[in-house]
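**Student:** Fold the following.
(one chain, ligands or ions: 1)
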Amino acid sequence: MIRVNPHHAALPARYLFAEVADRVRAFRRRRPEVELISLGIGDVTEPLPPACIRAFHAGVDELAAAASFRGYGPEQGYDFLREAIARHDFQARGVHVDADEVFVSDGSKCDIGNFQELFATDIRVAIPDPVYPVYVDTNLMAGRVSAGKGNHRGGLVDLPCPAANGYAPQLPQEPVDLIYLCSPNNPTGATMTRPQLQQWVEYARAQRALILFDAAYEAFIRDDALPHSIYEIPGARELAVEFRSYSKTAGFTGVRCAYTVVPRDCGAWQDDGTRVSLHGLWNRRQSTKFNGVSYPVQRAAEAIYTPQGRQQVRALADGYLANARIIREGITSLGLRCAGGDNSPYVWIDAGRDSWEFFGLLLEQAGVVCTPGAGFGPGGRGHVRISAFNQRARVELAMQRIAHVLG
Ligand code: MLT
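**Tutor:** Down below sits the predicted model:
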């Protein structure tokens with residue numbers, strides 16, 4: 001008899017963004033005349049940078065000629081892209097990352113969701129609350145739930161991120177083995193400072209724990225005092241894996257390309273007390289289960305690192321950050337408290353009421369889609385996230401409509 005993975009029963013019925021999409025679809029059926037503005041899921045609206053388009057086309061043309069045709073590519077990514085990443089994203093900032101420590105992939109969601117497979121089921125996992133729901137859901141799917149824990153976050157250890165702490169996660173009260181950090185944070189926009197990150201690195205070293213550092217929104221950091229990579233903190237190479245994405249940075253949500261850094265010094269322990277390289281384990285896992293990213297897509301990603309590409313990508317992020325400023329100012333002028341939007345494309349709003357109710361209010365009365373904070377964990381209750389990913393005129397119109405409803 002075929003039996004299902006019983007751990008799926010611990011999951012919330014629907015993935016957050018699928019639930020939001022369902023509610024939006026139902027609204028559209030009821031009120032087809034309303035022209036909705038989406039500031040919900042963080043999906044980009046601006047076209048790909050011209051430098052990427054050119055390289056993408058050239059990559060396709062190479063596949064059209066027998067002399068330059070390529071079949072299966074390396075699962076870890078082509079050297080040209082791994083080298084460009086190591087050089088521009090890390091070495092140029094004085095950070096030690098070698099090209100062969102970079103694993104190119106089709107998205108950070110997949111990499112972060114998959115990485116936990118390398119660890120024992122009974123490890124203790126600490127996850128900020130609120131945070132991107134993929135961390136919790138994938139650990140629940142893997143069966144990391146203590147018996148008797150009724151809430152949907154199961155047996156995982158919550159790291160509260162209270163407003164009083166600038167929405168940054170606080171160290172756990174109990175020992176943990178695996179720690180998820182997200183900076184700039186999705187959804188709160190909080191970006192960890194150097195002392196804060198240092199504290200986590202020291203904590204992980206003392207606990208012999210591992211940090212999974214999600215830096216998917218790194219390109220939005222504008223404050224020079226803030227670290228862009230966890231490897232800027234001495235000692236982090238031994239205990240941290242970092243995830244980066246081109247989705248929001250370069251408009252690649254439809255193209256799909258990201259990467260994960262697994263330093264060679266980074267390890268975890270076996271039952272017999274020996275330390276194993278996570279680089280080797282991840283390489284083994286990816287070679288078996290992942291097909292790699294297509295050649296033209298990797299050429300398009302490489303073009304981000306050309307002088308024109310860098311300028312164009314910077315301008316894209318600046319445009320979204322300008323939207324975030326408009327959202328922030330609009331929300332503040334309505335007397336609501338908010339955070340984020342300065343080094344991140346998300347504005348986190350204290351709605352002063354149930355987050356799904358506030359979501360419903362903006363949907364029904366303003367025709368604006370946001371994301372209810374409760375979907376990011378219990379700590380997100382009473383908040384909503386407004387995303388800056390839309391065209392300027394749409395963001396301005398959305399804020400006018402919101403002001404009209406709430407003002
Ligand atoms: C979000 O809106 O949080 C993101 O778009 C989700 C993702 O990148 O998977």
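**Student:** For burial, what's the neighbour tally of the residue in the stretch 101-250 of the chain positioned nearest to the ligand?
**Tutor:** Using C-beta to the nearest ligand atom, the closest approach of the stretch 101-250 of the chain to the ligand is made by Lys109 at 4.5 Å. C-betas here are computed from N, CA, C, even on glycine. Lys109 has 18 neighbours, counted by other C-beta atoms under 10 Å.
**Student:** Surely it touches Asp137?
**Tutor:** No: using C-beta atoms under 8 Å as the test, Lys109 is too far from Asp137 to be in contact (10.4 Å).
**Student:** any idea how far the residue of the stretch 101-250 of the chain closest to the ligand lies from Thr253?
**Tutor:** Counting by C-beta to C-beta, to the nearest Å, the gap from Lys109 to Thr253 is 11 Å.
**Student:** what's the closest non-adjacent residue to whichever residue of the chain sits closest to the ligand?
**Tutor:** The chain approaches the ligand most closely through Gly42 (3.2 Å), counting by C-beta to the nearest ligand atom. Nearest non-adjacent residue to Gly42, counting by C-beta to C-beta, 6 or more residues apart in numbering: Ser387, 4.8 Å away.
**Student:** Quick check, pLDDT for His8.
**Tutor:** Per-residue pLDDT puts His8 at 86.
**Student:** mind showing which ranges of the chain have poor pLDDT?
**Tutor:** 146-155 (pLDDT under 70).
**Student:** Near the ligand, which residues of it? Just list them.
**Tutor:** Proximity of the chain to the ligand (C-beta under 6 Å from any ligand atom) is limited to residues Ile41, Gly42, Asp43, Lys109, Tyr132, Asn186, Ser247.
**Student:** list the contacts for the closest residue to the first one other than its chain neighbours?
**Tutor:** In this structure, Ile41 finds its nearest non-sequential neighbour in Phe17, 4.9 Å apart by C-beta to C-beta, 6+ apart. By C-beta atoms under 8 Å, 6 or more residues apart in numbering, the contact set of Phe17 is Gly40, Ile41, Thr371.
**Student:** could you say which helix or strand contains Pro128?
**Tutor:** Using DSSP states H and E, Pro128 sits in strand 125-129.
**Student:** And the next helix or strand past that strand?
**Tutor:** Downstream of strand 125-129, the next assigned helix or strand under DSSP H and E is helix 134-141.
**Student:** What strands flank the next helix or strand after that following helix, and is each parallel or antiparallel?
**Tutor:** Downstream of helix 134-141, the next assigned helix or strand under DSSP H and E is strand 157-160. Looking at strand 157-160 with DSSP bridges, its partner strands are strand 125-129 (parallel).
**Student:** okay, the angle between the strand it pairs with and helix 134-141?
**Tutor:** 140 degrees (axes from the mean of the first three to the mean of the last three C-alpha atoms, to 10 degrees).
**Student:** all helices of the stretch 151-300 of the chain, in order?
**Tutor:** For the stretch 151-300 of the chain, the helices defined by DSSP state H, counting those that start in this stretch cover 194-207, 278-289, 295-302.
**Student:** buried ones in the longest one?
**Tutor:** Buried residues in helix 194-207, counted by 16 or more other C-beta atoms under 10 Å: Gln196, Leu197, Gln198, Gln199, Trp200, Val201, Tyr203, Ala204, Gln207.
**Student:** Tabulate these (a markdown table), appending distance to Asp89.
**Tutor:** Output for those, formatted as a markdown table (distance: C-beta to C-beta, whole Å):
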| residue | distance to Asp89 |
| --- | --- |
| Gln196 | 21 |
| Leu197 | 17 |
| Gln198 | 21 |
| Gln199 | 24 |
| Trp200 | 21 |
| Val201 | 19 |
| Tyr203 | 25 |
| Ala204 | 22 |
| Gln207 | 28 |
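**Student:** just those now: which is nearest Met1?
**Tutor:** For these, the closest approach to Met1 (C-beta to C-beta) belongs to Gln207, at 41.7 Å.
**Student:** What separation is there between the residue nearest the centre of the chain and Gly352?
**Tutor:** Centroid-nearest residue in the chain: Ala216, 4.5 Å away (criterion: C-alpha atoms, centre = their mean). Distance of Ala216 to Gly352, given as C-beta to C-beta: 29 Å.
**Student:** Nearest residue to Asn291 in space, please, no chain neighbours.
**Tutor:** Nearest non-adjacent residue to Asn291 (C-beta to C-beta, 6+ apart): Glu75, at 6.8 Å.
**Student:** In contact with that neighbour, which residues?
**Tutor:** Gln286, Ser287, Phe290, Asn291, Gly292.
**Student:** Would you indicate which residues of stretch 221-236 are buried?
**Tutor:** Buried residues in stretch 221-236 (16+ other C-beta under 10 Å): Ile221, Leu226, Pro227, His228, Ser229, Ile230, Tyr231, Glu232, Ile233, Ala236.
**Student:** what distance separates the start and the end of that stretch?
**Tutor:** Counting by C-alpha to C-alpha, to the nearest Å, you get 20 Å between the two ends of stretch 221-236.
**Student:** Can you get me the centre-to-centre distance for it and its chain?
**Tutor:** Relative to its chain's centre, stretch 221-236 lies at 17 Å (C-alpha atoms, centre = their mean, to the nearest Å).
**Student:** got a list of contacts for that stretch?
**Tutor:** Contacts to stretch 221-236, defined as C-beta under 8 Å, 6+ apart, come from residues 89-90, 93-97, 181, 184, 191-194, 197-198, 201, 205, 211, 213, 215, 218, 237, 240, 242, 261, 263, 321, 342-343.
**Student:** And the buried ones among these, selectable in PyMOL?
**Tutor:** A single PyMOL command selects the buried members of the contacts of stretch 221-236 (16+ other C-beta under 10 Å):
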select buried, resi 89+90+95+97+181+184+191+192+193+197+198+201+211+213+215+218+237+240+242+261+263+321+342+343
